[in-house]
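A.B. asks: From the sequence below, what's the structure:
(one chain, ligands or ions: 1)
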Amino acid sequence: MSNPSSDHYYANDDWDVDSWVDVIAVEYETLVRDFPFDRVLRSLPGFGSLRVLDVGCGTAIFPGYLDAVLPPDVGLIADLWDISGSSLRRAREVMSQLAHFSVDRTYQALIEDLPTKLPAETDRYDVIWAMHSFTTVSVEPMGAVYARLLETLRPGGYLFVYQLTSESYYQKFHGLYRREHPHGRNRAPFMEFEDSRRILESLGVEYEVYPQRFTHEIARNRDDLLEKYLRKVILDDTVDVGQLFRPLLESLYDPVGDRYVIPQAVNLITVCK
Ligand SMILES: C[S@@+](CC[C@H](N)C(=O)[O-])C[C@H]1O[C@@H](n2cnc3c(N)ncnc32)[C@H](O)[C@@H]1O
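C.D. replies: Numbering: from 1, shown residues only. The predicted structure is shown next:
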């Protein structure tokens, strides 16, 4: 069983990325409002030029939101890791326009291969984050991935993982797709927060959890957007999502606002080494 993590799913123009970002922007707005990234980063020694590893950087949506809340004297030099070459290129472009970021190295590789492919340096990073990128990974090697990330983090540095939970509608949609659609049957489940928690406990690592709860909202007359949203949630652009998800969608319909209101539950995990 496998999950897509290729350019096709993350860099395909058909996904209409801007509309998707409008729907999910709340995830990042809530996060940078509720967690004091500004204070935490400023408390680190050398906060003017902190070394960051962005794991599964995508197109650098999170850095855009973070940039807006950082104090002027915080600087971040980021190494980027992603399987998608086009995402790495886009993330470099986006970050070079941000006030607090510059980009150093890029690694085009699977997250699962990080233990062997990340250069064997310890204490290299002040901060490591994986924001919504521990989803389409195989869970089995992730213990070694966490161990390697913690090894390359400086003492006193922070690891941030933002990850969907088992209660999220990401999982409900994907679970239904796996159970009821022929394409879904050979797909692996999405990795979720509960997997990370189990791994961190087995490694004996102390961590904190900041639960984020919000809704994605899509007007009923935006069928096109709803379809793109659902296809992106399940990472399959060939499915008749309207038909597959109709009963679930009806339960999410808000007649007052004439829209679908989709609850999401995503947790921020923080580890201070
Ligand atoms: C939802 S996007 C991440 C968004 C980004 N971290 C942000 O918050 O702005 C997920 C990213 O993880 C990458 N990805 C997914 N599975 C991967 C894997 N197994 N190995 C490497 N990269 C992966 C995808 O290519 C994609 O760019």
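
A.B. asks: Okay, buried residues for stretch 263-273 please.
C.D. replies: 264, 265, 266, 267, 268, 269, 270, 271, 273 (16 or more other C-beta atoms under 10 Å). Glycine gets a C-beta too; all of them are placed from N, C-alpha and C.

A.B. asks: what's the average pLDDT for it?
C.D. replies: Averaged over stretch 263-273, pLDDT sits at 98.

A.B. asks: and residue 271, bridged to which residues?
C.D. replies: residue 159 (DSSP bridges).

A.B. asks: interface residues of the stretch 101-250 of the chain facing the ligand?
C.D. replies: By C-beta under 6 Å from any ligand atom, the residues of the stretch 101-250 of the chain that approach the ligand are 110, 111, 112, 131, 132, 133, 136, 137.

A.B. asks: Which members of these are classed as buried?
C.D. replies: Buried among these (16+ other C-beta under 10 Å): 110, 111, 112, 131, 132, 133, 136, 137.

A.B. asks: what would these look like in JSON lines with distance to residue 200, secondary structure and pLDDT?
C.D. replies: Output for those, formatted as JSON lines (distance: C-beta to C-beta, whole Å; DSSP: H, G, I helix; E, B strand; the rest coil; pLDDT from 0 to 100):
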{"residue": "110", "distance to residue 200": "21", "secondary structure": "coil", "pLDDT": "97"}
{"residue": "111", "distance to residue 200": "16", "secondary structure": "helix", "pLDDT": "98"}
{"residue": "112", "distance to residue 200": "17", "secondary structure": "helix", "pLDDT": "98"}
{"residue": "131", "distance to residue 200": "17", "secondary structure": "strand", "pLDDT": "98"}
{"residue": "132", "distance to residue 200": "18", "secondary structure": "coil", "pLDDT": "97"}
{"residue": "133", "distance to residue 200": "17", "secondary structure": "coil", "pLDDT": "97"}
{"residue": "136", "distance to residue 200": "20", "secondary structure": "coil", "pLDDT": "96"}
{"residue": "137", "distance to residue 200": "15", "secondary structure": "coil", "pLDDT": "97"}
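
A.B. asks: Residue ranges in the protein under the pLDDT threshold?
C.D. replies: The chain contains residues with pLDDT under 70 at 1-17.

A.B. asks: can you do 90?
C.D. replies: 1-22, 122, 223-224, 237 (pLDDT under 90).

A.B. asks: Tell me which stretches of it form helices.
C.D. replies: 7-10, 17-34, 37-42, 61-67, 85-96, 114-117, 142-152, 169-180, 193-203, 223-234, 241-250 (DSSP state H).
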